[in-house]
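Colleague: kindly generate the corresponding structure for this input.
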Amino acid sequence: MFRRGNSEHERGQALVEFAMVMPIMLLLLFALVDFGRAFYSWLLITNAAREGARVAATQSPLTDVETRVYDAASALDAASITITTTNVQGPRGEIVRVNLAYSFSFVTPIGDLAALVGGSSISAPTITGQSSMRLE
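Modeller: Residues are numbered from 1 along each chain as shown. Here you go, the predicted structure:
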């Protein structure tokens, strides 16, 4: 007797195929989420360095530069941002530099997935941004 539709074997085959494809799809999803967050963090850090350099170029105190950097990167964890400045409060025409380093952290388990397949876990990257301007 001929039956239309899925037989027991075809339904089992679909379940096995789903079980094989699902880890790959999850890996792609995790990578997409963390890459998007890392790119957004890089944009914020780069902009915050530019904002800090602009304030430093007007010969403002270092505390004003740091405040402006933290305000520009307010969506990030301020404790994970390291600010390094050079030549603040120097003579006019000199270059002031603001360098930022942000310790990025993964929100998905993508850093630990490499350890599951026999490798070492992926460490979270440090995102850097830098800007320089002439002192006014």
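Colleague: where along this protein do the helices fall?
Modeller: 8-57, 62-72, 110-116 (DSSP state H).
Colleague: look up how far F106 lies from the residue lying closest to A53 once chain neighbours are set aside.
Modeller: Once flanking residues are discounted, A53 sits nearest to S131: 3.9 Å by CB to CB, 6 or more residues apart in numbering. For every residue, glycine as well, the C-beta is placed using N, CA and C. Per CB to CB, to the nearest Å, S131 is found 27 Å from F106.
Colleague: next: A31.
Modeller: 10 Å.
Colleague: so those two - more neighbours on which side?
Modeller: F106 (18 against 13; other CB atoms under 10 Å).
Colleague: about what we covered before: please identify the deepest-packed of the helices of the chain.
Modeller: helix 62-72 (a mean of 17; mean count of other CB atoms under 10 Å).
Colleague: what is the mean pLDDT for it?
Modeller: Averaged over helix 62-72, pLDDT sits at 95.
Colleague: same question for stretch 90-101.
Modeller: Mean predicted confidence for stretch 90-101 is 92.
Colleague: now that stretch: buried residues?
Modeller: Going by neighbour count (16 or more other CB atoms under 10 Å), the buried part of stretch 90-101 is 96-100.
Colleague: closest one to G36 out of the residues you listed, please.
Modeller: Closest approach between the buried residues of stretch 90-101 and G36, by CB to CB: L100, at 20.0 Å.
Colleague: got a markdown table for the helices of the chain, with distance to S123 too?
Modeller: Shown next, in a markdown table, are these (distance: least, CB to CB, whole Å):
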| stretch | distance to S123 |
| --- | --- |
| helix 8-57 | 13 |
| helix 62-72 | 25 |
| helix 110-116 | 7 |
